[in-house]
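Asker: Pasting a predicted model and its sequence here:
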Amino acid sequence: MSAARSIAGRLRESWMRLRLRACASVGRGVKLRGRVLVRGGGAVRLGDGVLLDGATAPIELHAGPGAELTVGSGTVLCAGTSIEAMRSVSIGARCRIGAFGKILDNAFHSVGDLFSRPASAPVEIGDGALLGPRCIVLPGARVQAGEVLRPGTVRKARGPR
Amino acid sequence: MNMLALETHAATPARSLRELAARLAGLLRARWRLSGCSRGARVWLGGRVRIEARGDLRVGERVQLMGGIIPSELLCAAGAELILGARCLLNYGVSIDAVSSVRIGARTQIGSMARIRDSDGRAVAPVVIGEGVWIAHGAIIEPGVHIGDGAVISAGSVVMTDVPARSIAAGNPARAVPIDFFSRRRPA
């Protein structure tokens, strides 16, 4: 019985690794539900036991060429979350990103000129941060470890732009 | 975001056969999906879009509707008008719901998951969005709002009052501040 269970576990693990083959590194026991899109030419790194719950809406992990997107161990990404890294986005361990969250390190447009691309400003989310549904973390913003963001919060960079 | 669409917008030549094929497929998909309504030249459709054109849906030339994780929707009720100006760009998950009139000016760019509607279920008031407006991710434009040319609506804001030209609106409810107050960049 336990042999059958361990074989099933291994099969599940290799199926998960096959589906996440576009990632640069994937930890042990990463769980995957629904559709998860890993795109761009950059490095997406997932820690141990990350849960990607794309059951009701797909999850997008986009790291542009040369960019780094890191998700710490035990972090949960809920449905419809989209993370776009053009240089660096790092999410700590045991975080929870609520449904339809958006995290990006580049605004893709500049104020005053829609067609020029601004420089990227790295985003960092500390360990154990809890982001409610529909939170938006803008370029250069920081979420402290253990911080709780209420649903729909828009977190932007501090100081002058 | 799919950068392909932006590059098509800038009319740079395709760098690979695959990119060329994606561009052609988008042009053909737009012809097919928008076959019933008034459509300008070279409209590009990059992914799943729900289109319900019972009224007057007009899409200008070189408009781009991008694909992504969540489908966009363009809903135009019977007797209503929904006008997308030339070279508009819509990212994924955008929802535009016209019961009487929604007009969007040329070169306006609408970010992912933004919502625009001209009716709250009871009151109906037309929405007018100017030219070269940037509406960022997750912004919500409520009925009766007029947005001036070159304005910026920041991410996640809820716009309930008019926004003057060349100003930035942010927050819930959104408040507008002139762009020059923030940025020293010369006007484009």
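Answerer: The structure has been received and is ready for your questions. Numbers count the residues shown, from 1 in each chain, chains lettered A, B, ... in the order given.
Asker: Please, which helix or strand holds the residue positioned nearest the centre of chain A?
Answerer: Nearest residue to the geometric centre of chain A (C-alpha atoms, centre = their mean): A:I83, 4.9 Å. Here A:I83 sits within strand A:82-85, counting by DSSP states H and E.
Asker: circling back to that earlier point, residues near the nearest residue to the residue nearest to the centre of chain A once chain neighbours are set aside, how many?
Answerer: Take A:I83 and drop its neighbours on the chain: the residue closest to it by C-beta to C-beta, 6 or more residues apart in numbering or on different chains is A:I103, 4.6 Å away. Bear in mind the C-beta positions are built from the backbone N, C-alpha and C, glycine included. Burial of A:I103 is recorded as 25 neighbouring residues (other C-beta atoms under 10 Å in any protein chain shown).
Asker: Could you measure from the nearest residue to B:P164 once chain neighbours are set aside over to chain A?
Answerer: Leaving out its chain neighbours, the residue that sits closest to B:P164 by C-beta to C-beta, 6+ apart is B:G148, at 4.9 Å. Separation of B:G148 from chain A (C-beta to the nearest C-beta, to the nearest Å): 14 Å.
Asker: Touching, B:G148 and B:A169? I think so.
Answerer: No - using C-beta atoms under 8 Å, B:G148 makes no contact with B:A169, being 10.2 Å away.
Asker: now the helix or strand hosting A:M16: how far from the chain's centre is it?
Answerer: Using DSSP H and E, A:M16 sits within helix A:2-19. With C-alpha atoms, centre = their mean, to the nearest Å as the basis, helix A:2-19 stands 24 Å off its chain's centre.
Asker: lowest confidence element among the helices and strands of chain A?
Answerer: helix A:2-19 (a mean of 90; mean pLDDT, DSSP states H and E).
Asker: One more: chain B?
Answerer: That would be, for chain B by mean pLDDT, DSSP H and E, helix B:3-9 at a mean of 50.
Asker: after that helix, next one along is what?
Answerer: Next along the chain after helix B:3-9, taking DSSP H and E as the criterion, comes helix B:17-33.
Asker: Just the buried positions in that following helix, please.
Answerer: By 16 or more other C-beta atoms under 10 Å in any protein chain shown, the buried positions in helix B:17-33 come out as B:22-23, B:26, B:29-30, B:33.
Asker: The very next helix or strand once past it pairs with which strands?
Answerer: Sequence-wise, the next helix or strand downstream of helix B:17-33 (DSSP H and E) is strand B:38-39. According to DSSP bridges, strand B:38-39 forms sheet pairs with strand B:56-59 (parallel).
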